[in-house]
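Student: could you work out the structure for the sequence below:
(chains A and B, ligands or ions: 2)
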Amino acid sequence: MANRQPESRIWIFAEQRSGQPADVVFELLGKARLLAAAPGWKVGALLIGHNVSGTAALLENRGADEILVADNPGLEDYRGGNYLAVVDRAVRNYQPDVVLFGATAMGVDLASRLAARLRTGLSAHCIDLELNEKGELAAVIPWPGGDFLGRIVCPRHRPQMATVSPGIFDVPRSDFPEAEVLTIDGALNSDRGFYRILEKKPEERKPGDLENARVVVVGGYGIGARENWALVEELASVLGGVAGATRPPVDEGWVNADLMVGQSGRTVHPRLYIGVGVSGHLHHLVGVKGTELKVAVNQDTRAAIFDHCDLGLAGDYREIIPALIAALKEPRAGGDL
Amino acid sequence: MEMIVCIKPVPDPKQAGKMTIDRETGTMIRRDVPSVINPLDRHALEASVRIRERHGGRVTALSMAPDDVLPVLKESLARGADRLVLLSDRRFAGGDTLATACVIAAAVGHLGTFDLVMCGDETTDSGTAQVSAQIAEFLDVPNIMHVDDCGVSPDGDLRLHSRNEEGAFTAEGQTPMVVSVTADINEPRYVTLMDVLDSEGKEVLILSADDLPLEESWIGLEGSPTRVLELFEPERKSRAEMLSGTPAEQAAVLADRLRRLGFRNG
Ligand SMILES: Cc1cc2nc3c(=O)[nH]c(=O)nc-3n(C[C@H](O)[C@H](O)[C@H](O)COP(=O)(O)OP(=O)(O)OC[C@H]3O[C@@H](n4cnc5c(N)ncnc54)[C@H](O)[C@@H]3O)c2cc1C
Ligand SMILES: Nc1ncnc2c1ncn2[C@@H]1O[C@H](COP(=O)(O)O)[C@@H](O)[C@H]1O
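Tutor: Ligands and ions are numbered 1, 2, ... in the order given. From the prediction side, this is the model:
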């Protein structure tokens, strides 16, 4: 039996679809490796699916000490209960101290049910994770209100669980020693509690447009009306970038929810970020990483965003943005093309 | 169809800017910000009411909240719910998603058999998107999130369409089930004064912890595995360099810098 091993374990859920690991898996492995720096800690990747030996190979030198594989035709598609049965059993057998999931559709659903089944704590959409010498995990999240971050702990229950949005942690550059691949029990005792999938369609909109954009122009509530949104898009397009939004424009129905940047939305990594009519709540700003230049246009000089960016333009965007677009469209002075 | 819709009162997102936080306790000071029904929960209500209109049954709106928000929650009756059940008890306060889902699931069980529990995908105040799946787990029934279409097949099964970042799928499942919805599922109806007046005689049931099969150690702060260790201020960049001049002058300076940094050619 695998119980009562002297090691401490951090597990990450190695989400895959059609054998392709989700990007967030590599990000979580990188972070888990950093957290597990103290002696006695092991990083495990929990890989569940059907015909996933090729997937295990892709994960072999990405930071895990062991890859625990459950392979079974009944695990082909995620249907809630089927994955839950396997993860639940594995957690009870190996008793990891920490289990991390990507804050993806699959990860959030599975982690939530698992936490309820094990009656343990789950921190949602963390932006950082810390592990102290006692093996206690602190999860950092933006606190409601938007000005503070909170450290959430789970003092008396194990495992300690958290979800992390894709794009929050960096993928380590270097390779790691090869992981040991272990087979774990993937049996499903019954089909009870699963739904049937009748039809699947992969996402037709290209995900990653916003995530991979070099320039992101975010429009906020300050844009004020749907008809003004065109200005945000025009600026983005003049700069060869992509338009994003804070939450209020989504709530107002000015733009599709896919455009939302932040804790509950997408994480972007542009070289240039321009926030237009954005006040600067942390829930939004945590979704903007690794910029070279961050610019804000806001008519309120006290707006918090001016404390979080490089360059500020104070004024009404309805005057500034059209002038900016016009200036960017002008041929360069001196004519050297 | 016996349907239960979970609705949570949240500070009006349109006035979220006015909300302040007590840094010591981490609690929101809601004084000046009125509560509303969580926007996605209105979509869940609408979806359930439409199912009842086609297939018959009953819609119960269910909320765990302090009783002073009862007037806000009564909007669910005007929106077509047949009755409102409020779970209100000081001992529920301070619950995390686990303790919240535990109380709601206990109440669902207490109310009798059900076919469908509908939730919003997430709330605007805590936004964990964890509660619906946890309710399902406590009830030991399947759940599907991100549902943007929900119907009933001739043999009484649920037909669901769900769309997430990876793609979309259609699924069929037997009742009972827990479903959480996105805003794409419908356009909640416009509530008229007549709807409000018509809803006045509808049943409102208030339950406390004593009415439900719950242990003290499962609810409120005691039943919450997670704890807030502390709140802290994030690292800030130093204050931005502020451009000066008229809007046109500022725009010209920015355009020039963006060009020099290579963000615009030609
Ligand atoms: C759990 C949780 C998760 C959340 N997740 C996200 C998320 O993922 N993404 C997200 O964006 N938000 C999220 N939020 C909401 C977030 O806290 C803020 O409410 C939101 O980011 C504010 O958006 P905003 O800055 O556009 O609007 P506001 O705060 O209303 O700011 C509008 C700004 O526009 C300025 N302005 C107005 N008119 C003009 C004008 N004519 N010219 C120039 N400036 C003008 C104003 O001065 C103001 O500063 C979340 C909240 C919670 C509680
Ligand atoms: N206190 C509550 N009372 C009733 N329903 C709730 C409560 N908290 C959460 N829910 C339901 O769970 C959904 C997801 O909430 P959350 O996990 O907090 O983002 C909400 O849209 C509601 O349908």
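Student: ok, the helix or strand encompassing A:E319 near ligand 1 or not?
Tutor: Per DSSP states H and E, A:E319 falls inside helix A:317-329. Yes: counting by CB under 6 Å from any ligand atom, ligand 1 has neighbours in helix A:317-329: A:317-318. The C-beta positions use only the backbone N, C-alpha and C, and glycine is treated the same way.
Student: give me the packing partners of that helix, helices and strands only.
Tutor: Applying 3 or more CB pairs under 8 Å, 6 or more residues apart in numbering or on different chains; DSSP states H and E, one finds that helix A:317-329 makes contact with helix A:229-238, strand A:293-298, helix B:247-260.
Student: just send these back as a markdown table, with mean pLDDT, mean neighbour count and distance to B:H110 too.
Tutor: Shown next, in a markdown table, are the helices and strands packed on helix A:317-329 (pLDDT from 0 to 100; neighbours: other CB atoms under 10 Å in any protein chain shown; distance: least, CB to CB, whole Å):
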| stretch | mean pLDDT | mean neighbour count | distance to B:H110 |
| --- | --- | --- | --- |
| helix A:229-238 | 97 | 19 | 47 |
| strand A:293-298 | 98 | 24 | 50 |
| helix B:247-260 | 96 | 18 | 61 |
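Student: so what's B:L205 bridging to?
Tutor: Beta-bridge partners recorded for B:L205 (DSSP bridges): B:V85.
Student: and it, what does it touch?
Tutor: Each residue near B:L205 by CB atoms under 8 Å, 6 or more residues apart in numbering or on different chains is listed here: B:83-86.
Student: how close does A:L188 get to B:E137?
Tutor: Per CB to CB, to the nearest Å, A:L188 is found 17 Å from B:E137.
Student: which of those two has more neighbours?
Tutor: Of the pair A:L188 and B:E137, B:E137 is the one with more neighbours under other CB atoms under 10 Å in any protein chain shown, namely 27 against 17.
Student: centre-most residue in the chain?
Tutor: You didn't say which chain, so I picked chain A. Nearest to the mean C-alpha position of chain A, by CA atoms, centre = their mean, lies A:S165 at 1.6 Å.
Student: actually chain B
Tutor: B:T123 (3.6 Å).
Student: close enough to count as contact, that residue and B:S35?
Tutor: No: B:T123 is beyond contact range of B:S35, at 11.7 Å (criterion: CB atoms under 8 Å).
Student: show me what from the stretch 201-337 of chain A comes close to ligand 1.
Tutor: A:220-222, A:224, A:246-248, A:260-265, A:277-279, A:281, A:283-284, A:287, A:297-300, A:303, A:316-318.
Student: quick one, what contacts B:A251?
Tutor: Taking CB under 8 Å, 6+ apart, one finds A:313, A:320-321, A:323-324, A:326-327 in contact with B:A251.
Student: rerun that using 10 Å as the cut-off
Tutor: Counting by CB atoms under 10 Å, 6 or more residues apart in numbering or on different chains, B:A251 makes contact with A:297, A:313, A:315, A:319-328, B:243, B:245.
Student: same question, B:E216
Tutor: Per CB under 10 Å, 6+ apart, neighbours of B:E216: B:91, B:209, B:222-223.
Student: and the contacts of B:A251, which of them are buried?
Tutor: Neighbour counting with 16 or more other CB atoms under 10 Å in any protein chain shown marks A:297, A:313, A:315, A:319-325, A:327-328, B:243 as buried within the contacts of B:A251.
Student: checking the residue in the stretch 151-266 of chain B that ligand 2 sits nearest to next. Helix, strand or coil?
Tutor: As assessed by CB to the nearest ligand atom, ligand 2 sits closest to B:S180 within the stretch 151-266 of chain B, at 6.2 Å. Following DSSP: H, G, I helix; E, B strand; the rest coil, B:S180 is assigned to strand.
Student: any idea how far B:G26 is from it?
Tutor: 26 Å.
Student: between these two, which one's more packed in?
Tutor: B:S180 (27 against 17).
Student: quick check: residues of the stretch 101-250 of chain A near ligand 2?
Tutor: Counting by CB under 6 Å from any ligand atom, no residue of the stretch 101-250 of chain A is near ligand 2.
Student: where do the strands of the stretch 101-250 of chain A begin and end?
Tutor: A:122-126, A:128-131, A:137-142, A:149-153, A:160-164, A:180-183, A:196-202, A:215-219, A:242-245 (DSSP state E, counting those that start in this stretch).
Student: now render the ones you listed as TSV, adding mean pLDDT, distance to A:A85 and mean neighbour count.
Tutor: Below are these laid out as TSV (pLDDT from 0 to 100; distance: least, CB to CB, whole Å; neighbours: other CB atoms under 10 Å in any protein chain shown):
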stretch	mean pLDDT	distance to A:A85	mean neighbour count
strand A:122-126	97	18	27
strand A:128-131	97	27	18
strand A:137-142	96	25	24
strand A:149-153	95	28	20
strand A:160-164	98	17	28
strand A:180-183	97	16	14
strand A:196-202	92	17	12
strand A:215-219	98	41	28
strand A:242-245	97	38	26
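Student: now render the ones you listed as JSON lines, adding distance to B:A78.
Tutor: JSON lines is the format used below for the strands of the stretch 101-250 of chain A (distance: least, CB to CB, whole Å):
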{"stretch": "strand A:122-126", "distance to B:A78": "32"}
{"stretch": "strand A:128-131", "distance to B:A78": "43"}
{"stretch": "strand A:137-142", "distance to B:A78": "34"}
{"stretch": "strand A:149-153", "distance to B:A78": "36"}
{"stretch": "strand A:160-164", "distance to B:A78": "36"}
{"stretch": "strand A:180-183", "distance to B:A78": "57"}
{"stretch": "strand A:196-202", "distance to B:A78": "36"}
{"stretch": "strand A:215-219", "distance to B:A78": "34"}
{"stretch": "strand A:242-245", "distance to B:A78": "31"}
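Student: point out where chain B drops to low pLDDT.
Tutor: B:30-31, B:237, B:265-266 (pLDDT under 70).
Student: just to revisit the earlier point, overlap in contacts, B:T123 and B:S35.
Tutor: In terms of CB under 10 Å, 6+ apart, B:T123 and B:S35 are both contacted by the residues B:8-10.
Student: quick one on the thing from earlier: closest one to ligand 1 out of the contacts of B:A251, please.
Tutor: A:V297 (5.9 Å).
Student: wait, what's in contact with the closest one?
Tutor: Here A:V297 is in contact with A:217, A:220, A:222, A:235, A:274-278, A:303, A:305, A:311-317, A:319-321, A:324, B:243, B:247, B:250-251, B:254 (CB under 10 Å, 6+ apart).
Student: tell me who's in contact with the nearest residue to A:A245 once chain neighbours are set aside.
Tutor: Distances taken as CB to CB, 6 or more residues apart in numbering or on different chains put A:L259 closest to A:A245, at 4.4 Å, once the chain neighbours are dropped. Contacts for A:L259 (CB under 10 Å, 6+ apart) come out as A:209-210, A:218-219, A:229, A:232, A:242-246, A:249-250, A:265-266.
Student: show me what counts as buried in whatever helix or strand B:A44 lives in.
Tutor: Using DSSP H and E, B:A44 maps to helix B:39-55. For helix B:39-55, the neighbour count (16+ other CB under 10 Å) marks B:39-52 as buried.
Student: ok, and which of those residues reach chain A?
Tutor: B:P39 (CB under 10 Å from any CB of the partner chain).
Student: ok, the buried residues of helix B:39-55 vs B:R79, which is closest?
Tutor: B:L45 (5.1 Å; CB to CB).
Student: just checking, that closest one touches B:K8?
Tutor: No: counting by CB atoms under 10 Å, B:K8 is not a contact partner of B:L45; they are 11.9 Å apart.
Student: okay, and the common contacts of these two?
Tutor: The contact lists of B:L45 and B:K8 share B:37, B:120, where a contact means CB under 10 Å, 6+ apart.
Student: alpha carbons only: can I get stretch B:160-173 in PDB?
Tutor: C-alpha atoms of stretch B:160-173 as PDB (Å, rounded to 0.1, in the frame of the first residue of the first chain):
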ATOM      1  CA  LEU B 160     -28.000  20.400 -22.200                       C
ATOM      2  CA  HIS B 161     -25.600  22.500 -24.200                       C
ATOM      3  CA  SER B 162     -22.500  23.700 -22.500                       C
ATOM      4  CA  ARG B 163     -19.800  25.900 -23.900                       C
ATOM      5  CA  ASN B 164     -16.400  26.600 -22.300                       C
ATOM      6  CA  GLU B 165     -13.000  27.700 -23.400                       C
ATOM      7  CA  GLU B 166     -12.200  24.300 -25.000                       C
ATOM      8  CA  GLY B 167     -15.400  24.000 -27.000                       C
ATOM      9  CA  ALA B 168     -19.000  23.100 -26.800                       C
ATOM     10  CA  PHE B 169     -20.800  19.900 -26.200                       C
ATOM     11  CA  THR B 170     -24.400  18.600 -26.000                       C
ATOM     12  CA  ALA B 171     -25.200  16.200 -23.200                       C
ATOM     13  CA  GLU B 172     -28.100  14.200 -22.000                       C
ATOM     14  CA  GLY B 173     -28.700  13.200 -18.400                       C
END
